[in-house]
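# Give me a model of this one.
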Amino acid sequence: MDGLPPLIDQHSHGAVHGELGLGSFETHLAAAVGAHGPAPAGTSYFDSFTGLAIRRWCPPLLGLEPRCPPARYLARRREVGAYRAGRLLLRGSGIGTFLLEAGTPSDLTSAGELAAAAEAGAHEVVRLEPLAEQVADTSGSVDSFIGYTAEALYAAAQHTTAFASGATYCEGHAPEAGEVRRAADRWLRRRRPGERLGEPALVRHLLWSAVATGLPVQLHGPDPRPLAGFLRATTGIGSDLVLLPRAPHHRRAAELAAVHAHVYADAGPSPEETLGRAPFGKLLFSSGARGLPELYVTGARFFLRAMDRLVREWADEGLCGAEDGRRITEMVGSGTARRIYRLSAEAG
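Okay, the predicted model is just below:
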């Protein structure tokens with residue numbers, strides 16, 4: 001759509017550094033399509049919907065014709081150089097602001113590196129569980145763990161744009177102090193350095209603590225329904241909650257966003273499903289990209305393509321006009337994210 005402001009990508013993990021040969025590119029592409037191991041003999045992960053999208057939209061950004069053979073595309077990528085290719089792809093994605101999980105692996109770009117490469121804005125989102133895990137690695141007692149975790153969360157709230165959690169369940173009330181202490185004691189006694197947080201009471205404690213800061217909190221649980229009690233109980237506290245479920249739960253997330261004033265949801269890979277389940281101003285775009293800068297391009301193009309098709313259908317049926325269609329697409333693509341994440345206008 002012409003005349004739209006740059007998108008705001010509310011969730012991604014960063015792009016890889018360095019050159020990528022066929023094998024390493026295939027590995028990242030496999031992860032993007034949810035596959036494990038090498039492609040069947042005689043095939044490639046370019047033989048996937050994501051692979052077709054990369055071949056359609058990425059070659060022109062590197063000076064090639066659309067749908068060129070994968071070997072030619074990768075050769076051009078190496079010819080241009082990894083750094084310049086990444087910049088061209090990110091700057092051609094149509095994304096003007098990125099919300100990136102803090103503490104990304106060293107082989108992926110940080111928020112600052114992504115901002116420089118894309119000539120865009122980038123903001124960190126702090127994941128609660130790794131924050132507690134880092135504190136646990138240096139805590140010698142339950143008291144120090146609980147105290148240092150509170151301090152770390154407060155310090156993070158001074159600079160981060162939002163918090164995030166992978167909680168799959170949370171009750172409609174914060175755990176009692178005794179329950180938190182017992183859970184911390186169990187976890188600290190049995191864990192090894194680097195072990196991930198697996199105590200439900202501690203995850204609930206972190207969630208309620210994050211909500212108390214007033215910052216937005218992203219909820220990345222696969223199915224949002226077990227969080228329904230938490231969503232109801234946090235009404236009026238002042239923190240917006242954003243549901244980012246896995247497929248096929250985006251429709252249910254949109255329905256929960258429609259019910260609760262402070263709850264929002266990711267528009268998902270098929271906006272036509274979610275836009276029929278929630279007010280348009282309760283839905284947001286994300287690419288979910290990790291690794292390949294090409295995935296930022298395809299994520300943005302898939303979203304804009306789906307929105308364009310949807311609002312054209314509505315226009316043909318007389319439900320809305322062209323200006324309404326642009327306004328709705330802008331709302332989901334950037335406007336709502338700018339409002340709830342409190343972002344200033346940034347040029348892409």
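
# ranges for the helices of the stretch 51-200 of the chain?
Residue ranges of the helices in the stretch 51-200 of the chain, as given by DSSP state H, counting those that start in this stretch, are 70-80, 82-91, 111-118, 128-136, 142-157, 177-190, 200-212.

# Next one, pLDDT for residue 198 please.
pLDDT for residue 198: 86.

# May I ask you to confirm that it is in contact with residue 183?
No. If you go by C-beta atoms under 8 Å, residue 198 and residue 183 don't touch, sitting 10.0 Å apart. C-beta coordinates here come from the backbone N, C-alpha and C atoms, glycine included.

# Which residue of these two possesses the greater neighbour count?
residue 183 (20 against 12; other C-beta atoms under 10 Å).

# Go ahead and name everything in contact with the helix-or-strand element of the chain with minimal mean pLDDT.
Ranking every helix and strand in the chain by mean pLDDT, DSSP states H and E puts helix 22-32 at the bottom, with a mean of 91. With contact meaning C-beta atoms under 8 Å, 6 or more residues apart in numbering, helix 22-32 is reached by 16, 20, 36-39, 44-46, 48, 50-51, 54, 71, 74, 290-292, 295.

# Among the residues you listed, which lie within helices?
50-51, 54, 71, 74, 295 (DSSP state H).

# now these as CSV including distance to residue 161, neighbour count and pLDDT?
Listed next are the ones in helices among the contacts of helix 22-32 as CSV, based on distance: C-beta to C-beta, whole Å; neighbours: other C-beta atoms under 10 Å; pLDDT from 0 to 100:
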residue, distance to residue 161, neighbour count, pLDDT
50, 28, 20, 96
51, 32, 20, 96
54, 29, 25, 97
71, 40, 11, 93
74, 35, 16, 95
295, 21, 26, 98
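
# can you redo the helices of the stretch 51-200 of the chain as CSV with distance to residue 5?
Conversion of the helices of the stretch 51-200 of the chain to CSV gives the following (distance: least, C-beta to C-beta, whole Å):
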stretch, distance to residue 5
helix 70-80, 28
helix 82-91, 15
helix 111-118, 15
helix 128-136, 31
helix 142-157, 28
helix 177-190, 43
helix 200-212, 29
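
# Name all residues that make contact with residue 261.
Contact analysis of residue 261 by C-beta under 8 Å, 6+ apart lists residue 235.

# Quick check: which element contains it?
Remark: residue 261 resides in no helix or strand, with elements defined by DSSP states H and E.

# Residue 156: neighbour count?
Residue 156 has 19 nearby residues by other C-beta under 10 Å.

# Nearest spatial neighbour of it, chain-adjacent residues omitted?
residue 126 (4.6 Å; C-beta to C-beta, 6 or more residues apart in numbering).

# Just to check, the one you found is in contact with residue 158?
No. Applying C-beta under 8 Å, one finds residue 126 not in contact with residue 158, separated by 10.8 Å.

# Tell me which of the two has more neighbours.
Neighbours were counted for residue 126 and for residue 158 using other C-beta under 10 Å; residue 126 has more, 23 against 7.

# What's the per-residue pLDDT of residue 125 here?
You'll see residue 125 listed with a pLDDT of 97.

# my bad, residue 144
Reported pLDDT for residue 144: 96.

# So what's the residue count around it?
Residues near residue 144, counting by other C-beta under 10 Å: 14.

# OK, contacts around it?
Per C-beta under 8 Å, 6+ apart, neighbours of residue 144: none.

# Against which helices or strands is the helix or strand where residue 305 lies packed?
Per DSSP H and E, residue 305 falls inside helix 294-316. Applying 3 or more C-beta pairs under 8 Å, 6 or more residues apart in numbering; DSSP states H and E, one finds that helix 294-316 contacts strand 7-12, helix 49-57, helix 82-91, helix 271-274, helix 322-330.

# from those, which stretch is densest packed?
The densest packing among the helices and strands packed on helix 294-316, expressed as mean neighbour count by mean count of other C-beta atoms under 10 Å, is seen in strand 7-12 with a mean of 28.

# Report the inter-axis angle for that one versus helix 294-316.
Angle of strand 7-12 versus helix 294-316, following axes from the mean of the first three to the mean of the last three C-alpha atoms, to 10 degrees, is 130 degrees.

# Quick one: mean pLDDT over strand 7-12.
Here strand 7-12 scores 98 as its mean pLDDT.

# partners of it in the sheet?
Next to strand 7-12 in the sheet, as set by DSSP bridges, lie strand 95-101 (parallel).

# The strand it pairs with vs helix 82-91, what angle?
Orientation check (the same axes, to 10 degrees): strand 95-101 against helix 82-91 gives 110 degrees.

# sorry, back to before: same list, the helices and strands packed on helix 294-316, but as JSON lines with distance to residue 222 please.
Below are the helices and strands packed on helix 294-316 laid out as JSON lines (distance: least, C-beta to C-beta, whole Å):
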{"stretch": "strand 7-12", "distance to residue 222": "14"}
{"stretch": "helix 49-57", "distance to residue 222": "20"}
{"stretch": "helix 82-91", "distance to residue 222": "28"}
{"stretch": "helix 271-274", "distance to residue 222": "16"}
{"stretch": "helix 322-330", "distance to residue 222": "27"}
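
# so which of the ones you listed gets nearest residue 214?
Closest of those to residue 214 is strand 7-12, at 18.1 Å (criterion: C-beta to C-beta).
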